[in-house]
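Q: Here is my input; please provide its structure:
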Amino acid sequence: MLLPSSLGYCSWQTHIPGKREESCDASFLRVGCFNDIHARGHRPLPNLLFTDRDVDSEKFSGIRVDWENWEAYVKNIVCRCAERAKAKGYMFFGLQYYGECWASQSEKFTFNIDGLGAGCISSDSKACTPSSKVCVGEEFSLFVYDVLQ
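A: Below you'll find the predicted structure:
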């Protein structure tokens, strides 16, 4: 369920200010699940910060998706992505295809260009809900977060 937000876009509105996941050094607000149709030059979050999927990519993080320890892995990748986005000065970051960290500096909310999505899952491997603490997008979906500076 998405709710109107004073930020000018839809948001899950479940962030607790100051609360950080375990030892994460970045705070973030969950925005929601969005589609990404992979249109060339037209990506919701255009900057790939790192991937845990493609070992041949120059952006490979050195960490592989941990399907066996999914709950801990999801919390870890969301935190790593938030920390990297914050360090680089990005406003938004998102997780796509289970293990890709994407980001944008745009204030124009480009993450919603392909519409709302339903293909996001939580750390319990179920569909993401407003009560899920952290979520990632599946193959053509992107779960977006707002970096709190």
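
Q: ok, residue 78 - contacts?
A: 21, 24, 28, 95, 134, 136, 145 (C-beta atoms under 8 Å, 6 or more residues apart in numbering). Where you see a C-beta, it was placed from the backbone N, CA and C, and this is true even at glycine.

Q: Let me know the closest of those to residue 41.
A: Set against residue 41, the nearest of the contacts of residue 78 by C-beta to C-beta is residue 95 (21.5 Å).

Q: ranges for the helices of the protein?
A: For the chain, applying DSSP state H gives helices covering 70-87.

Q: hey, where'd the strands end up in it?
A: Counting by DSSP state E, the chain has strands at residues 27-35, 47-51, 92-96, 100-104, 120-122, 135-137, 141-148.

Q: Mind checking the pLDDT average for the longest one?
A: Averaged across strand 27-35, pLDDT comes to 93.

Q: Between the strands of the chain, which one is closest to residue 79.
A: Of the strands of the chain, nearest to residue 79 by C-beta to C-beta is strand 27-35, at 9.1 Å.

Q: tell me which strands and helices that closest one is in contact with?
A: helix 70-87, strand 92-96, strand 135-137, strand 141-148 (3 or more C-beta pairs under 8 Å, 6 or more residues apart in numbering; DSSP states H and E).
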